[in-house]
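Student: Sequence below, structure please.
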Amino acid sequence: MPAKTQTESIQPDARERLLDAALVLFTQRGYAASSVREICAAAGVTKPVLYYYFGSKEGLYLQLMEESYALFESLVPRLTSYAGPVRQRVIHICEGLFDISTQKLDIVRLIYSIYYGTPQGAPAYNFDRYYDRLLEIVAGLVREGIEQGEFRAGDVGDMTWAILSCLNIAIEEQLSHCTPRIGREAMTRILNLFFEGMAENEPHG
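Tutor: Below you'll find the model as predicted:
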């Protein structure tokens, strides 16, 4: 463990200020267009402070991504421990992820711009592990719903993608420049509509 520097002792919140400033600049201007000097100025610290905590602009960016994924993983136990029918458990997960996404729109916007946009010179990061983890969780619940007779038999992958497509569209609407046309309540209604279609119909006598 390195000894604390005088700078660190005087500015104990410098690390968080740097992360906050970098997120704002990366989101507004793009990764490549945001300089270390501008990030430090926005955070009210000197360059050595940034280098102390993150080593470089690349290290700062990667820490933003890591903390975002760590937040997602920290939510998984709570989101997946909800008791009840599979249908309600899936909706609980989607609502929870929608809520945290709307609370953290800046980091979501940055991730989307890097993942789907033109290259910005940002260091490589494995964004797919978030999607892979979410696919694994939801597919497991869909499979459970089929096995328990709550859902009719069908392709687990297709059902999973249908659910996540609804979640993704609802989140993406919050990123648009116009007034969102779909929100949490509408997302839940659409998911319930989907689950009505997926319900295992009892045979008629």
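
Student: what comes up buried for the lengthiest helix in the chain?
Tutor: Of all segments of type helix in the chain, defined using DSSP state H, the longest is helix 57-80. Within helix 57-80, the residues that count as buried by 16 or more other CB atoms under 10 Å are 57, 60-65, 68-69, 72, 79. C-beta: built from backbone N, CA, C; applies to glycine.

Student: Using CSV, please lay out these together with pLDDT.
Tutor: Listed next are the buried residues of helix 57-80 as CSV, based on pLDDT from 0 to 100:
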residue, pLDDT
Lys57, 98
Leu60, 98
Tyr61, 98
Leu62, 98
Gln63, 98
Leu64, 98
Met65, 97
Ser68, 97
Tyr69, 96
Phe72, 96
Leu79, 95
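
Student: Return the closest of those with respect to Tyr115.
Tutor: Here the nearest of the buried residues of helix 57-80 to Tyr115, counting by CB to CB, is Met65; it sits at 10.5 Å.

Student: Show me what the host helix or strand of Arg109 is packed against.
Tutor: Using DSSP states H and E, Arg109 maps to helix 105-116. With contacts taken as 3 or more CB pairs under 8 Å, 6 or more residues apart in numbering; DSSP states H and E, helix 105-116 sits against helix 14-29, helix 57-80, helix 156-175.

Student: quick revisit: make JSON lines out of the buried residues of helix 57-80 and add distance to Phe98.
Tutor: Output for these, formatted as JSON lines (distance: CB to CB, whole Å):
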{"residue": "Lys57", "distance to Phe98": "31"}
{"residue": "Leu60", "distance to Phe98": "28"}
{"residue": "Tyr61", "distance to Phe98": "25"}
{"residue": "Leu62", "distance to Phe98": "26"}
{"residue": "Gln63", "distance to Phe98": "25"}
{"residue": "Leu64", "distance to Phe98": "21"}
{"residue": "Met65", "distance to Phe98": "21"}
{"residue": "Ser68", "distance to Phe98": "16"}
{"residue": "Tyr69", "distance to Phe98": "18"}
{"residue": "Phe72", "distance to Phe98": "13"}
{"residue": "Leu79", "distance to Phe98": "11"}
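
Student: Which one of those is nearest to Arg37?
Tutor: Using CB to CB, Lys57 comes nearest to Arg37 of the buried residues of helix 57-80, at 10.2 Å.

Student: I figured the closest one was touching Val36, is that so?
Tutor: Yes: using CB atoms under 8 Å, Lys57 is in contact with Val36, at 5.3 Å.

Student: Mind listing the shared neighbours of those two?
Tutor: Shared contacts of Lys57 and Val36, defined by CB atoms under 8 Å, 6 or more residues apart in numbering, comprise Leu50.
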